[in-house]
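Trainee: Please find the sequence and the predicted model below.
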Amino acid sequence: QLQLVQSGGGSVQPGGSLRLSCAASGSTLAGYAVGWIRQAPGQGRKGVACLDAHSDGTWYTNSVKGRFTMSTDSARNTVYLQLNSLESEDTGVYYCAARRPKGVSCHLIEYYDDWGQGTQVTVSP
């Protein structure tokens, strides 16, 4: 059973930066699709960034392209999401999630099996 534990997040002013971490245990993330999902206040969960298993390409939703960067550290079995040039619209609870390959793109969040506990990101003046 894969377990995901998140850290990072917090409150920043517009234009600021944060880094989110998602540490995995119980299994190696190699071979898993991994994603970051955001739930804005009063809204449903939406994919922000993800990496398919055995892929070098990272998917980003349009609103975060050029500002967010997803990365992995295989030695630490951890994935990160670097959030730069934050905007108020980035406010929300951020989740990391993972799943074994299912033949669907990683940006389809309904297929994720394992979820982190979520971490709050608040962007306000």
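Mentor: Arrived safely. Numbering: from 1, shown residues only.
Trainee: so where do the strands sit in this protein?
Mentor: In the chain, the strands defined using DSSP state E lie at 3-8, 10-12, 18-25, 33-39, 45-51, 58-60, 68-73, 78-83, 92-99, 114-115, 119-123.
Trainee: can you redo those strands as TSV with mean pLDDT?
Mentor: Shown next, in TSV, are the strands of the chain (pLDDT from 0 to 100):
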stretch	mean pLDDT
strand 3-8	97
strand 10-12	98
strand 18-25	98
strand 33-39	97
strand 45-51	97
strand 58-60	96
strand 68-73	96
strand 78-83	98
strand 92-99	98
strand 114-115	98
strand 119-123	98
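Trainee: Report the contact partners of the nearest residue to residue 68 once chain neighbours are set aside.
Mentor: Nearest in space to residue 68, with sequence neighbours left out and distances taken as C-beta to C-beta, 6 or more residues apart in numbering, is residue 83 at 5.4 Å. For glycine as for every other residue, the C-beta is placed from the backbone atoms N, C-alpha and C. Listed by C-beta atoms under 8 Å, 6 or more residues apart in numbering, the contact partners of residue 83 are 17, 18, 19, 20, 64, 67, 68, 90, 121.
Trainee: Among these, name the buried ones.
Mentor: Buried by 16 or more other C-beta atoms under 10 Å: 18, 20, 64, 68, 90, 121, out of those.
Trainee: quick check, nearest of those residues to residue 7?
Mentor: Distance to residue 7 across these (C-beta to C-beta) is lowest for residue 20, with 7.5 Å.
Trainee: quick one: that closest one and residue 81 touch, right?
Mentor: Yes: with contact defined as C-beta atoms under 8 Å, residue 20 counts as touching residue 81 (4.4 Å).
Trainee: returning to that earlier point: can I get the contacts of residue 83 in TSV including distance to residue 32?
Mentor: Shown next, in TSV, are these (distance: C-beta to C-beta, whole Å):
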residue	distance to residue 32
17	27
18	24
19	21
20	17
64	21
67	25
68	20
90	25
121	23
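Trainee: still on that earlier bit, mutual contacts of residue 20 and residue 81, please.
Mentor: Contact criterion C-beta under 8 Å, 6+ apart; residues shared by residue 20 and residue 81: 36, 94, 96.
Trainee: Would you point out which residue is most central in this protein?
Mentor: In the chain, the residue lying closest to the centroid (C-alpha atoms, centre = their mean) is residue 36, at 2.0 Å.
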